[in-house]
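Peer 1: sequence and predicted structure, then a few things I'm wondering about:
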Amino acid sequence: MRNRFFPLTRRTFLQNSGLLVAGLAAGQTIHHKTAAQAAAPVPLDINSLAQFVDPLPIPRIISSDGMRPSPEHPGEKIPYYRLAMRELQSKVHRDVKPTRMWGFGGSSPGPTFETRSGQPLLVEWANDLPLQHFLPIDHTIHGAEASKSDVRAVTHLHGAKAPPKSDGYPDDWYVPGKSAVYHYPNHQEASQLWYHDHALGITRLNVYAGMFGSFLIRDEFEDGLNLPKGKFEIPLMIYDRAFDRDGQLFYPVSPDPKSPWVSEVFGDAVLVNGKLFPYLEVEPRKYRFRLLNAANARFFHLTFSNGQQFHQIGTDLGFLSAPVALKSLLIAPAERADLIVDFSDHAGETIVVNSDALTVMQFRVAKKVAVPDTSTLPSTLRPVAKLDPASAVKTRILTVGEADDMAGNARTMLLNNAHWDMPVTESPKLNSVEVWNLLNFTDDSHPIHLHLVRFQIIDRRTFVPEYYYHGGKIQYIGQPVPPAPNEAGWKDTVQVHPGMVTRIIARFEGYPGRYVWHCHILEHEDNEMMRPYDVVVE
């Protein structure tokens, strides 16, 4: 095996299940033969389906199942929820047969949690799934060996500042008939988190099957902003899938039956909250959309068909300091964007949301408002205190790469050239500040996620990969590029672009213990592009 290093970016196409789809993000490709040659059943002809015949589903808000003693303060009681993972049948489109999926609480996406900052809660995540998986497991991948149960699950609350025992560590999976109770203190600012499966070696399959949902934290600062709320605040969970002509999920495999893993998976069907081509009836007023990219690998490049402007008011883990006006949004897997869209000037219109060549959904704007719009788009939001790189006690150089076979096919995706089960090499001290330099040696953009912490993007800068590979030193090309205005907030996932050094800065606060950092292209995460790290106490 050898490491390959690529230039900054190239324009390619994505070929999946015999269907040609346009590439969606700079540096995002399927360039490996394993993906391009994947065998496929007869696909569902997505273009033959009538568009905008199903209303957008809105996941229900989950209610608690009572009160239980707090793990931190046994004399106090806090809300307790029990949410079961189950197989289900879902109608993704009026004219498509019900699709077998896995989800939480009887739906995919699962129900939405809504809580407040500083209000702890307990969730019992129960595995009530079948004993057999319906998607192809690669038993050659670390953590997915044939000796392990095919059906395993563990839930990670993405973006949570949670104790290590409640973080959803990939090795902490459990089988059908078992459950785990996790404690979420919620000591963090108003933001949109999301929960999803995180079982080692099969995360990509479990999430593709439908195991994810949204988790909202509110606080007093948000209350005072007078943003659109209630029925005017709507979650939008966007993801792509491939279906066969019987309406069943199809997950591509490589030509090697003993090693079916492929490096990325893209589908030509885009779902929003579980529906293909949904429509949403809106009034000519302001709306707040809580956007999540829940795809395995696809970057979405979202625009409105009428070219209208919208505003981003928040990133993964909270508000920006001020709204950012946009006409398009590039959002990577696992990233969230808090958006305000004002339909006031578009009464009576129909507006389509697109992602380049793909159709996402439709807005149908009523001719008049039912109730006057008293919500506002504030000129300023929550101040974002910048972390000073000079305060960092350690600066780390961490590589993002891959190992290929002699035919040039990706076989393993690696962080810092290390495998999952190698000794821990990152051990930040509790409450310390560190700068991480992420050097991308591949020709893909990788959404890198750190558990436990929130961080800020310092800058990105092109470099010469070969110079570092041979000499161990970074040779920059050009000047550092600061984050885009809509990235200049608190993040837990960052787009690490090819041929660039992406610098992030984080304070490792919260809890001591073992966590992970990884690429959130789930096919990469499942095949070694994930590493444990330890937060230690001096």
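Peer 2: Yep, that arrived.
Peer 1: tally of neighbours for the residue lying closest to residue 419 once chain neighbours are set aside?
Peer 2: The shortest distance from residue 419 to any non-neighbouring residue, by Cβ to Cβ, 6 or more residues apart in numbering, is to residue 528 (5.4 Å). C-beta here means a position set from N, CA and C on the backbone, and glycine is covered the same way. Counted with other Cβ atoms under 10 Å, the neighbours of residue 528 add up to 25.
Peer 1: who's in contact with residue 528?
Peer 2: Contacts for residue 528 (Cβ atoms under 8 Å, 6 or more residues apart in numbering) come out as 142, 412, 413, 414, 415, 419, 420.
Peer 1: can you rerun that using 6 Å?
Peer 2: 412, 413, 414, 419, 420 (Cβ atoms under 6 Å, 6 or more residues apart in numbering).
Peer 1: how about residue 79?
Peer 2: 64, 121.
Peer 1: got it, and the one 3 residues further on?
Peer 2: Shown here is residue 82, whose contacts under the criterion Cβ under 6 Å, 6+ apart are 65, 124.
Peer 1: from residue 125, how far off is it?
Peer 2: 8 Å (Cβ to Cβ, to the nearest Å).
Peer 1: check the most centrally placed residue in the chain and give its pLDDT.
Peer 2: Central residue of the chain (Cα atoms, centre = their mean): residue 334, 1.3 Å from the mean position. pLDDT for residue 334: 98.
Peer 1: so it makes contact with residue 495?
Peer 2: No - checked against Cβ atoms under 6 Å, the pair residue 334 and residue 495 is beyond contact range at 10.4 Å.
Peer 1: list the strands paired with the strand or helix carrying residue 194, with their directions.
Peer 2: Here residue 194 sits within strand 191-197, counting by DSSP states H and E. Sheet pairing of strand 191-197 (DSSP bridges) gives strand 155-158 (antiparallel), strand 212-218 (antiparallel).
Peer 1: could these be laid out in a markdown table, adding mean pLDDT, distance to residue 447 and mean neighbour count?
Peer 2: Output for the strands paired with strand 191-197, formatted as a markdown table (pLDDT from 0 to 100; distance: least, Cβ to Cβ, whole Å; neighbours: other Cβ atoms under 10 Å):
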| stretch | mean pLDDT | distance to residue 447 | mean neighbour count |
| --- | --- | --- | --- |
| strand 155-158 | 98 | 11 | 26 |
| strand 212-218 | 98 | 15 | 23 |
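Peer 1: how far away is the residue nearest to residue 419 from residue 99?
Peer 2: Here residue 528 is placed at a distance of 31 Å from residue 99 (Cβ to Cβ).
Peer 1: what does residue 173 give?
Peer 2: The spacing between residue 173 and residue 99, counted by Cβ to Cβ, is 25 Å.
Peer 1: quick one, which of those two is more surrounded?
Peer 2: Each of residue 173 and residue 99 has its neighbours counted (other Cβ under 10 Å); residue 173 has more, 26 against 22.
Peer 1: what's the pLDDT at the more buried one?
Peer 2: According to the prediction, residue 173 has pLDDT 98.
Peer 1: what does residue 406 give?
Peer 2: pLDDT at residue 406 comes out at 62.
Peer 1: what mean pLDDT does the helix or strand harbouring residue 301 have?
Peer 2: Assigned by DSSP H and E, residue 301 belongs to strand 300-304. The average of the pLDDT scores along strand 300-304 is 98.
Peer 1: hmm, who's touching it?
Peer 2: 24, 238, 293, 328, 329, 330, 331, 351, 354, 355, 356.
Peer 1: kindly report the same for stretch 467-482.
Peer 2: Residues outside stretch 467-482 that contact it (Cβ under 6 Å, 6+ apart): 459, 460, 461, 462, 463, 464.
Peer 1: got it, and stretch 160-167?
Peer 2: With contact meaning Cβ under 6 Å, 6+ apart, stretch 160-167 is reached by 182, 183, 184, 188, 193, 451, 510, 511, 513, 514.
Peer 1: separation between the fifth one and residue 132?
Peer 2: Read that as residue 193. As judged by Cβ to Cβ, residue 193 and residue 132 stand 31 Å apart.
Peer 1: and those two? Which one has more around it.
Peer 2: In terms of neighbours (other Cβ under 10 Å), residue 193 is the more surrounded of residue 193 and residue 132; the figures are 25 against 9.
Peer 1: identify the residues contacting the host helix or strand of residue 503?
Peer 2: Using DSSP H and E, residue 503 maps to strand 500-507. Residues from elsewhere that reach strand 500-507 (Cβ under 6 Å, 6+ apart): 387, 389, 433, 435-440, 453, 455-463, 494, 496.
Peer 1: buried residues in stretch 385-396?
Peer 2: 387, 392 (16 or more other Cβ atoms under 10 Å).
Peer 1: quick one: end-to-end distance for that stretch.
Peer 2: Using Cα to Cα, to the nearest Å, one end of stretch 385-396 lies 22 Å from the other.
Peer 1: for the closest residue in space to residue 397 that isn't next to it in sequence, give its distance to residue 370.
Peer 2: Distances taken as Cβ to Cβ, 6+ apart put residue 437 closest to residue 397, at 5.0 Å, once the chain neighbours are dropped. As judged by Cβ to Cβ, residue 437 and residue 370 stand 52 Å apart.
Peer 1: what about residue 226, how many neighbours?
Peer 2: A count of nearby residues for residue 226, using other Cβ under 10 Å, gives 12.
Peer 1: many thanks, have a good one.
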